[in-house]
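**Q** model this:
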Amino acid sequence: MMNKYYYFKEDNNLFRFRIEQDDEPLNPRFDWDGNIGTLNLWWSRCAFGDNKGNGTPRETLIDMVRTYVPTDKYTEEDLIYNMASNEMMILLQKYIVLIPCYIYEHSGFAISCSAFSDRWDSGMAGFIYTSKEKCEEQWGKADKDWRKQAYDELVNEVKEYDMYLKGECYYFKLEEYNEETDEWDDYECVGGFLTDKYGDDLVKYIKDNFTSEELISEDEALELTREIHKEFLIMDQANNIICI
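**A** Just a heads-up that it's a prediction; the model follows:
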């Protein structure tokens, strides 16, 4: 698929594009706008997520309880000495949307909101969360279904980060056929596509981001370049005769 050209015709112009691996993609946790979630992860040997491993999980949960839970729902003594981390997470889920996250490490990393089946190379690594106030910063006034919408969006944010970690990042280079020079000119180059699609599904996904036209075969495109260039030469010759 890489280095292969795909062709389409749009508004009487002929284009081709190819898809390449994006080796320097933007980090969706830091370089993208619009995230509603905060992703806190702790994993041995590597720092991931928004917190980059700062603070222990328990310290982070204690700070979150103090931030989001009404003070009449806990005591400082319970918080510091008696409440287990999972109890704090259960308490927090009454006031914010919080989803546990899991990491799988084996010749690379994968992250998910569901546990992996490999108990040796995977485990719970942290959580992603958001509040109603944070959602309203991005969406405007939240409706009664905001928790469901937030949950789905948080799962999607984790999926995007998973694709980023696994290198499922692409860019396309678009070129336009030049009838005068009989060559292909650079037209546009866009990166930052995160997707777990492969093969024809990947090609269609990226193509649909910039055109609704159907692809044509390489043979059809070659024949079109011959016809277009021939027509240009005829018109150019005619114009030269008129000028004389």
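
**Q** Pretty sure C189 sits against E175.
**A** No - judged on CB atoms under 8 Å, C189 makes no contact with E175 at a distance of 9.5 Å. For glycine as for every other residue, the C-beta is placed from the backbone atoms N, C-alpha and C.

**Q** Give me the more crowded residue out of the two.
**A** E175 (19 against 12; other CB atoms under 10 Å).

**Q** ok so that one is a strand residue?
**A** Yes - under DSSP: H, G, I helix; E, B strand; the rest coil, E175 sits within a strand.

**Q** Quick check: chain neighbours aside, which residue is closest to it?
**A** Nearest residue to E175 in three dimensions, chain neighbours excluded: W184, at 4.2 Å (CB to CB, 6 or more residues apart in numbering).

**Q** Okay, and the one you found sits in which element?
**A** Taking DSSP states H and E as the definition, W184 sits inside strand 183-194.

**Q** After that strand, which helix or strand is next?
**A** helix 199-207.

**Q** Just want the angle from that following helix to strand 183-194.
**A** Here helix 199-207 runs at an angle of 100 degrees relative to strand 183-194 (axes from the mean of the first three to the mean of the last three CA atoms, to 10 degrees).

**Q** Now for L14, how many residues are close by?
**A** 21.

**Q** any idea how far it lies from F210?
**A** According to CB to CB, to the nearest Å, L14 stands 15 Å off from F210.

**Q** Tell me which residues touch A115, please.
**A** By CB atoms under 8 Å, 6 or more residues apart in numbering, the contact set of A115 is 102, 122, 124.

**Q** Let me know the helix or strand that Y104 is in.
**A** Going by DSSP H and E, Y104 is in strand 97-105.

**Q** so what strands line up beside that strand?
**A** Each strand paired with strand 97-105, and its direction, by DSSP bridges: strand 109-112 (antiparallel), strand 122-130 (antiparallel).
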